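Asks: output the structure for:
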Amino acid sequence: MTLSFGVLLHLALQFLTALRALTRRDRQPAARAAWLLLIAGLPVLGVVLYFLFGEVNIGARTRRRMADVTARLGAPRLAGPGEAAPDLPPALRPVFRRAASVNRFVPVGGNRATIPADEGAAIDALVADIDAARDHVHLLFYIWLEDASGGRVINAVERAAARGVACRVLIDGVGSRALARSERWKGLAAAGVRTAITFKMRWLPAHIFLARIDLRNHRKIVVIDGRVSYCGSQNCADAAFRPKRKYAPWVDIMLRIEGPVVRQFQHLFAIDWMTHTEEDISGLLGAGVPPLSGGFPAVAVGTGPTIDNRAVSDLFALLLAAAEDEAIITTPYYVPDDTLHRAICSAAQRGVKVTMILPARNDSVFVARASRSYYADLLHAGVRLAEFGPGLLHAKTLTVDGVATCVGSANMDRRSFELNYENTLILACEETTGAVRSRQLAWLDKAAILDLNHGRSWSLAVRATNNLFATMGPLL
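Replies: Numbering: from 1, shown residues only. Here you go, the predicted model:
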């Protein structure tokens, strides 16, 4: 009788969990099907896994605070006609309109960008800008390490705070957990720096019941004096990346940006800061940033599980749809949804010269396996596919026709699309796109081009494992 009751109870729990998986909003059919199979196929464990990883829940308190802050700040106010939406190439207008729909940021003209030569030069430039700061320094990094680069930035922030600059530092509770537990972190607060941590994991057993445990703030945002911003893939760490040094160097890209779009990054930082602290910094959003003569149009995009979780995939796909001659992509993690994968293959099939550069060695076995399951599709569609060998190519870039660029923290994977908070910059500029494209081609020179025979020698077990991992993508 006891066994029968237990079986009936489990079947009822399975049914209710499956019904919940079927009726949740913002879920694609592939994800629903994958979860139904897991719930049915793994007694007890499938139900447990669903409630740990099957729903996007940042916690009721955090969700409420973020919604309140976002509503209170509204959309950035325009300072004048110089910040009005600029003329855009017709092919790119749908891209910028879709980007504008995410955070209600209008595309703004008059921006400029420079690209430091490498990861060390990016840290040099950042430290110099912090040392020149007069009013405030805002830093948000997913990973901040206590290594040479991370230490230099900490030192610069402490110097800025000592001369009266308001310094605010925000880190992710998992990505920067070592720093959060360190004496250097305590030293920042003692030096007068205002610090905060997003998605803390201090009480893990309790956290499991309050929110999904693997949601992260993956953004990299720097704003200095409201006039300079940085956007890209680089964390606040050495290229040698001590926690995963066997994949080093980690190859990244950062853009140093000036112009009206800086205020949009300031807005994104303010939402994160005010969600996770009690400090109201909305006063910093009032002043406009004057456009720079001859600058380019751009728009910032901040996405996340509670902010238009289809936007990143849509933007990549729309940029590829706008391509007429060429598209070059770099991403360390390729586990796309169907929309993006078809957009890449379709672009190649209609004659666009599509190049994708992925790392030959990946720090995630899961992602490496899943990514390779897509190789045959890409190669047969006509995509020039290459694997970068000397280190882990961590840069997330997309250039189209030498005119448009998308760069930021978002990978071409479902985690960036649906689970992480990410920030992205979309711009239209031949000069800046040309500089990013040159960097992409330099990476291509160090990569191995794959041919149509690639993967044909893989054993049945290897192919099955790759496809299995790709099938699990919608689950995670």
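Asks: next, the buried residues of the helix ranked longest in the chain.
Replies: Using DSSP state H, we find that the single longest helix of the chain is helix 2-23. Buried residues in helix 2-23, counted by 16 or more other C-beta atoms under 10 Å: 14, 17-18, 21. Placement of C-beta: from N, CA and C, glycine included.
Asks: what do you get for stretch 139-148?
Replies: Quick answer for stretch 139-148 (16+ other C-beta under 10 Å): 139-147.
Asks: let's have those residues in a markdown table, adding secondary structure, pLDDT and distance to Arg216.
Replies: Converted to a markdown table, these look like this (DSSP: H, G, I helix; E, B strand; the rest coil; pLDDT from 0 to 100; distance: C-beta to C-beta, whole Å):
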| residue | secondary structure | pLDDT | distance to Arg216 |
| --- | --- | --- | --- |
| Leu139 | strand | 98 | 17 |
| Leu140 | strand | 98 | 12 |
| Phe141 | strand | 98 | 12 |
| Tyr142 | coil | 97 | 7 |
| Ile143 | coil | 96 | 10 |
| Trp144 | strand | 97 | 13 |
| Leu145 | coil | 96 | 16 |
| Glu146 | coil | 95 | 20 |
| Asp147 | coil | 95 | 21 |
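Asks: report the two of those residues separated the most.
Replies: Leu140 and Asp147 (18.5 Å; C-beta to C-beta).
Asks: how about Gly46, what does it touch?
Replies: 14, 17, 38-40 (C-beta atoms under 8 Å, 6 or more residues apart in numbering).
Asks: which helix or which strand is home to it?
Replies: For Gly46, the host element (DSSP states H and E) is helix 45-53.
Asks: quick one: that helix to helix 2-23, angle?
Replies: Per axes from the mean of the first three to the mean of the last three C-alpha atoms, to 10 degrees, the angle that helix 45-53 makes with helix 2-23 is 40 degrees.
Asks: using PDB, write down the CA coordinates of helix 45-53.
Replies: Provided in PDB are the C-alpha atoms of helix 45-53 (Å, rounded to 0.1, in the frame of the first residue of the first chain):
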ATOM      1  CA  LEU A  45      15.500  13.400 -10.600                       C
ATOM      2  CA  GLY A  46      13.700  14.900 -13.700                       C
ATOM      3  CA  VAL A  47      11.300  16.800 -11.400                       C
ATOM      4  CA  VAL A  48      14.100  18.000  -9.200                       C
ATOM      5  CA  LEU A  49      16.100  19.200 -12.100                       C
ATOM      6  CA  TYR A  50      13.200  21.000 -13.500                       C
ATOM      7  CA  PHE A  51      12.600  23.000 -10.400                       C
ATOM      8  CA  LEU A  52      16.300  23.800 -10.100                       C
ATOM      9  CA  PHE A  53      17.000  24.700 -13.800                       C
END
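Asks: give me the contacts around the longest helix of the chain.
Replies: So helix 2-23 is contacted by 27, 32, 35-36, 39-40, 43-44, 46-47, 50-51, 54 (C-beta under 8 Å, 6+ apart).
Asks: which among those residues gets closest to Arg263?
Replies: Scanning those for proximity to Arg263, where the rule is C-beta to C-beta, the winner is Arg27, at 34.2 Å.
Asks: domain ranges for this structure?
Replies: 2-52, 60-97+104-297, 311-475 (automatic domain parsing).
Asks: averaged pLDDT, the shortest one. What do you get?
Replies: Regarding domain 2-52, the rounded mean pLDDT is 76.
Asks: could you save the buried residues of stretch 139-148 as TSV and add columns showing distance to Arg177?
Replies: Formatted as TSV, the buried residues of stretch 139-148 follow (distance: C-beta to C-beta, whole Å):
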residue	distance to Arg177
Leu139	17
Leu140	16
Phe141	13
Tyr142	11
Ile143	10
Trp144	10
Leu145	11
Glu146	12
Asp147	15
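Asks: quick check, central residue of the chain?
Replies: Nearest to the geometric centre of the chain sits Ala410, at 2.6 Å (C-alpha atoms, centre = their mean).
Asks: rewinding a little: what's the first helix or strand after the helix holding Gly46?
Replies: Next along from helix 45-53, by DSSP H and E: helix 60-73.
Asks: tell me which residues of that following helix come out buried.
Replies: 62, 65-66, 69-70, 73.
Asks: low-confidence ranges, the stretch 51-200 of the chain, go.
Replies: The stretch 51-200 of the chain contains residues with pLDDT under 70 at 52, 76-85.
Asks: what are the ranges of the strands in it?
Replies: Secondary structure of the stretch 51-200 of the chain (DSSP state E, counting those that start in this stretch): strands at 108-114, 136-141, 166-172, 194-198.
Asks: what residue ranges in the stretch 301-450 of the chain score low on pLDDT?
Replies: Using pLDDT under 70, the stretch 301-450 of the chain has no residue that qualifies.
Asks: strands of that one, start to end?
Replies: Under DSSP E, counting those that start in this stretch, the stretch 301-450 of the chain gives strands at 326-330, 334-335, 353-359, 384-388, 392-393, 397-400, 404-408, 412-413, 422-428, 447-449.
Asks: and the ones you listed as CSV, adding mean neighbour count and distance to Ala461?
Replies: Formatted as CSV, these follow (neighbours: other C-beta atoms under 10 Å; distance: least, C-beta to C-beta, whole Å):
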stretch, mean neighbour count, distance to Ala461
strand 326-330, 24, 29
strand 334-335, 27, 20
strand 353-359, 23, 22
strand 384-388, 20, 21
strand 392-393, 26, 26
strand 397-400, 26, 34
strand 404-408, 26, 37
strand 412-413, 26, 24
strand 422-428, 26, 35
strand 447-449, 15, 24
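Asks: how about a markdown table for those, with distance to Arg439 added?
Replies: A markdown table is the format used below for the strands of the stretch 301-450 of the chain (distance: least, C-beta to C-beta, whole Å):
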| stretch | distance to Arg439 |
| --- | --- |
| strand 326-330 | 9 |
| strand 334-335 | 19 |
| strand 353-359 | 11 |
| strand 384-388 | 12 |
| strand 392-393 | 11 |
| strand 397-400 | 8 |
| strand 404-408 | 10 |
| strand 412-413 | 18 |
| strand 422-428 | 15 |
| strand 447-449 | 13 |
